[in-house]
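Colleague: test case, fold it:
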Amino acid sequence: MMVSATLSKASLCCVASFQRLALFVALALSPTALNAELLPKVHFLIPAGPGGGWDGTARGTGEALVKSGLVTDVSYENLSGGGGGRAIAKLIETANRQHFTLMISSTPLVVRSLQGIFPQNFRDLEPIASVIADYGCFAVKADSAIKDFADVVARMRDNPRSIKVAGGSVKGSTDHFVFAKAVALADINPRQTVYVAYDGGGKAMAGLLTGETELLSTGLSEAIDMARQGEIRIIGITATERLHDAPELPTLNEQGFPVEFANWRGFFAAPGLPKERYQKMQYTLRKVVETDAFDTVRARNQWTQLYHEGSAFTDFLVEQERDIGNLMRELGFLR
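Modeller: Residues are numbered from 1 along each chain as shown. Here you go, the predicted structure:
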């Protein structure tokens, strides 16, 4: 007897209901769920000054925590210096006083440790969870003669030093190597290009607007507001396809330069805290990214949600460390 592969609509509803019930029971009986508890308060440690991507992500997450009613006692601390190393050192050295502290970080944590800018890496901290990814972008002033990335390539093929490129971090950083990767795909030696390193995305934007540079390489969230205000034009983003929330922005991929890169941002805790404390941190972040308040912040900044928790986050970091290390060696930023 042949059994039909097609279920009636009523049968599908019953199956779906059973699956939801089974998932609810499984979650309810899991050890994590039984011990699930929100942090009573959260202190965000931000390894940079106000206004950049780290600051925006930490404060956006805090905004969502408060607006959703998950945590009302939220505080912030900006501690710049050493490419983020000063904040990392503080978190480690004062670990016994950091039971409610979540330090924001991102891809530069991997890059700068590979470069030896600071001696620590993510293994010296407790990875809690990544929450979002921010695509990179290239931008020019609104009145620039550069219309797309092909114009950049055409000029640089004649003279690789003809365009000064601004970035909000040091040479060899994400802003730098994303641009280097793009021009390398056009058979231009990235070591011959001019990259101007600024101390933060805000200063790099100012460098573009004042004419000190002609092109800005930065995170999309740090450029989208100025683009909407008509001050700059974004000529390419590093997503594989156009974004649902910003379909007007062209990708580098569609222009023939398949650069795909997203700068994750996530949170870390001090080492050596009780396991239960880390579980509460994970649960708090897991719950906040599910809220409408967080989704509003995410859409406003053109972020993509990227949630990895605990050991999955660590595995993700190990893989990225390998991939970025290989890319940086390929481009001559590491030996």
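
Colleague: helices along the stretch 51-200 of the chain, start to end?
Modeller: 53-67, 85-93, 107-115, 149-158, 174-185 (DSSP state H, counting those that start in this stretch).

Colleague: nearest spatial neighbour of residue 329, skipping sequence neighbours?
Modeller: Closest residue in space to residue 329, ignoring its immediate chain neighbours: residue 335 at 7.2 Å, by C-beta to C-beta, 6 or more residues apart in numbering. Using the backbone N, CA and C atoms, a C-beta is placed for each residue, glycine as well.

Colleague: residue 94 too?
Modeller: Of all residues apart from its sequence neighbours, residue 270 sits closest to residue 94 (C-beta to C-beta, 6+ apart), at 7.5 Å.

Colleague: burial count for the one you found?
Modeller: 24 (other C-beta atoms under 10 Å).

Colleague: let me know the pLDDT of it.
Modeller: As predicted, residue 270 sits at a pLDDT of 98.

Colleague: let me know the distance separating it from residue 41.
Modeller: Distance, residue 270 to residue 41, by C-beta to C-beta, to the nearest Å: 15 Å.

Colleague: partner strands of the host helix or strand of residue 43, with direction?
Modeller: When elements are assigned from DSSP states H and E, residue 43 belongs to strand 42-46. Paired strands of strand 42-46, with direction, are strand 74-78 (parallel), strand 101-106 (parallel) (DSSP bridges).

Colleague: what's the most buried one of these?
Modeller: Ranked by mean neighbour count, those are led by strand 101-106 with a mean of 25 (mean count of other C-beta atoms under 10 Å).

Colleague: which SSE is the most centrally placed residue in the chain in?
Modeller: Most central in the chain under C-alpha atoms, centre = their mean is residue 264, positioned 2.8 Å from the mean C-alpha point. Using DSSP H and E, residue 264 falls within strand 262-269.

Colleague: packing partners for that strand?
Modeller: Contact here means 3 or more C-beta pairs under 8 Å, 6 or more residues apart in numbering; DSSP states H and E; on that basis strand 262-269 packs against helix 53-67, strand 101-106, strand 126-141, helix 275-288, strand 304-309, helix 310-330.
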